[in-house]
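J.: Predicted model and sequence below, questions to follow.
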Amino acid sequence: MPEAGSIEYSEGDGALDIAERRHRVGFVSPDLAFYGELTVHENLAFFARLRRAELACGLAILDRLGLPTDRRAANLSSGMRQRLRWAWALMHRPRLLLLDEPFQNLDAATRPRHPRTCRVRRGEPPIYCADGNREECSSVPWPL
């Protein structure tokens, strides 16, 4: 199993600058951190401003995932933090979605919701999933 790699992403005739890549790529990873002193809503609002995304889209994803927006991020379980990461990755309707152990820390009741939650739009982005559990990634109906 590979332990390292890289992804090169460009559109049209050339590479994108860092700001454009951040705007066009969604990323779910258990390593993404949030501001513990802020609520779920405040964290999502902050990242929506940074990503030029609609907060309403992120809040709708959180609603489908059943994550309350009034809790402080520091008080979330690891599974709740992972659901917040999904909303953060999808709220700006990325053109490319990178998933690094996307189902880590999610309980059995939450896992089945993710394939439906990930349906961002009809022209779904390409999705690359890295997970030690190949069955988990391959069981998600692609494209999302």
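T.: Sure thing, it's come through. On a predicted model such as this, the values are computed, not experimentally measured, just so you know. Residues are numbered from 1 along each chain as shown.
J.: could you pull out the strands for this structure?
T.: 10-11, 14-15, 25-28, 96-100, 127-130 (DSSP state E).
J.: Would you mind giving these as CSV with mean pLDDT added?
T.: Output for those, formatted as CSV (pLDDT from 0 to 100):
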stretch, mean pLDDT
strand 10-11, 78
strand 14-15, 76
strand 25-28, 84
strand 96-100, 81
strand 127-130, 67
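J.: Could you list the buried residues of stretch 75-87?
T.: For stretch 75-87, burial by neighbour count (16 or more other CB atoms under 10 Å) applies to Leu76, Gly79, Met80, Arg81, Gln82, Arg83, Leu84, Arg85, Trp86, Ala87. C-beta coordinates here come from the backbone N, C-alpha and C atoms, glycine included.
J.: Return the member of those residues nearest to Ala48.
T.: Lowest distance from Ala48 to the buried residues of stretch 75-87 (CB to CB) belongs to Ala87, with 9.8 Å.
J.: now the closest one, nearest residue through space, not along the chain?
T.: Leaving aside its chain neighbours, Ala87 sits nearest to Ile61 (4.2 Å; criterion: CB to CB, 6 or more residues apart in numbering).
J.: about what we covered before: okay if I get the strands of the chain as a markdown table plus distance to Ala48 and mean neighbour count?
T.: Output for these, formatted as a markdown table (distance: least, CB to CB, whole Å; neighbours: other CB atoms under 10 Å):
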| stretch | distance to Ala48 | mean neighbour count |
| --- | --- | --- |
| strand 10-11 | 23 | 10 |
| strand 14-15 | 26 | 9 |
| strand 25-28 | 13 | 20 |
| strand 96-100 | 17 | 19 |
| strand 127-130 | 22 | 16 |
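J.: Is it possible to get JSON lines of these that adds distance to Leu44?
T.: Listed next are those as JSON lines, based on distance: least, CB to CB, whole Å:
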{"stretch": "strand 10-11", "distance to Leu44": "26"}
{"stretch": "strand 14-15", "distance to Leu44": "29"}
{"stretch": "strand 25-28", "distance to Leu44": "14"}
{"stretch": "strand 96-100", "distance to Leu44": "18"}
{"stretch": "strand 127-130", "distance to Leu44": "22"}
